[in-house]
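okay, predicted coordinates and the sequence, questions at the end:
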Amino acid sequence: MLAAQNMITQLTKQEIFWRKAWLWLLVLNPFINFVINPWQLGLTNLAGLCGCVIFSYVFYRCAYKKPGTRLLTFSLILLSISFAGDIIWAITSRFISEAEAISLVFLIFWTLSCYQLRKINRKLQIQRFLASEDYVNAIAMLRSATTLEDLETKFKAALCKQPRHCTAAVSGEYLAKKSALLGEESPG
């Protein structure tokens, strides 16, 4: 089973690049704040740095180590709002400092890397589901259905046990079994 998972979850060179880029940007994030705002090196900024490091660790665990998508989706929404505000501010402002320009460039790269990592993580989640016992059991359960009612009940039960974006994997088997059952039940 482990060999099958390793074989399935192989990433392309581009996907490996984006995962590494995201990780480097995550590590650099707390320190970029110090570069951008060197005049705020007081106690509050130190507390902010500690908070940023803790958030970075949680983000690392949820989005990189365990390839999740919820926190990445939430951050993409917040980053989009922040980016829109920064662009509006940059357009209305007549002067953009170097620190603000660095911050804007960092925000662009961070948003792009979060988007790419989210795509990669969705792919990994689907591949891991297809290599799991849950998928094998769902397919076996659907194949054992003898009536349309039984098929519907088993399909709903199978959908409850899988990630939402993996429904296509089980839906194909459901449709094949449904057409087979309809063929058997039709007169003639």
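Okay, I see it.

ok, Ala145 - contacts?
With contacts defined as C-beta atoms under 8 Å, 6 or more residues apart in numbering, the neighbours of Ala145 are 151, 154, 177, 181. (Glycine included, C-beta is placed from N, CA and C.)

same question for Ala101.
With C-beta under 8 Å, 6+ apart as the criterion, no residue contacts Ala101.

that one and Ile91, how far apart?
Ala101 sits 14 Å away from Ile91, taking C-beta to C-beta, to the nearest Å as the criterion.

please name the nearest non-neighbouring residue to Tyr64.
Spatial nearest neighbour of Tyr64, chain neighbours left out: Leu23 (6.1 Å); criterion: C-beta to C-beta, 6 or more residues apart in numbering.

so the one you found touches Phe59, yeah?
No. Counting by C-beta atoms under 8 Å, Leu23 stays clear of Phe59, with 10.2 Å between them.

more neighbours, these two?
More crowded of Leu23 and Phe59, by other C-beta atoms under 10 Å: Phe59, with 18 against 15.

where does the more buried one land in three-state SS?
Of the three states, Phe59 takes helix under DSSP: H, G, I helix; E, B strand; the rest coil.

wait, Ser75 touches Tyr115, no?
No. When contacts are counted by C-beta under 8 Å, Ser75 is not listed as touching Tyr115 (9.9 Å).

would you map the helices across this structure?
Here the chain has its helices, by DSSP state H, at 2-8, 13-36, 43-59, 70-92, 98-130, 133-143, 148-160, 167-185.

mean pLDDT for those helices: which is lowest?
Ranked by mean pLDDT, those bottom out at helix 2-8, with a mean of 42.

centre-most residue in the chain?
Thr69 (2.5 Å; C-alpha atoms, centre = their mean).

could you measure from it over to Tyr115?
11 Å.

got it, and Ile91?
Distance from Ile91 to Tyr115, by C-beta to C-beta: 23 Å.

neighbour-wise, which of those two wins?
Tyr115 (18 against 7).

residues contacting the more buried one?
Tyr115 neighbours (C-beta under 8 Å, 6+ apart): Leu76.

can you give the domain ranges for this protein?
Using automatic domain parsing, the domain ranges for the chain come out as 2-130, 133-185.
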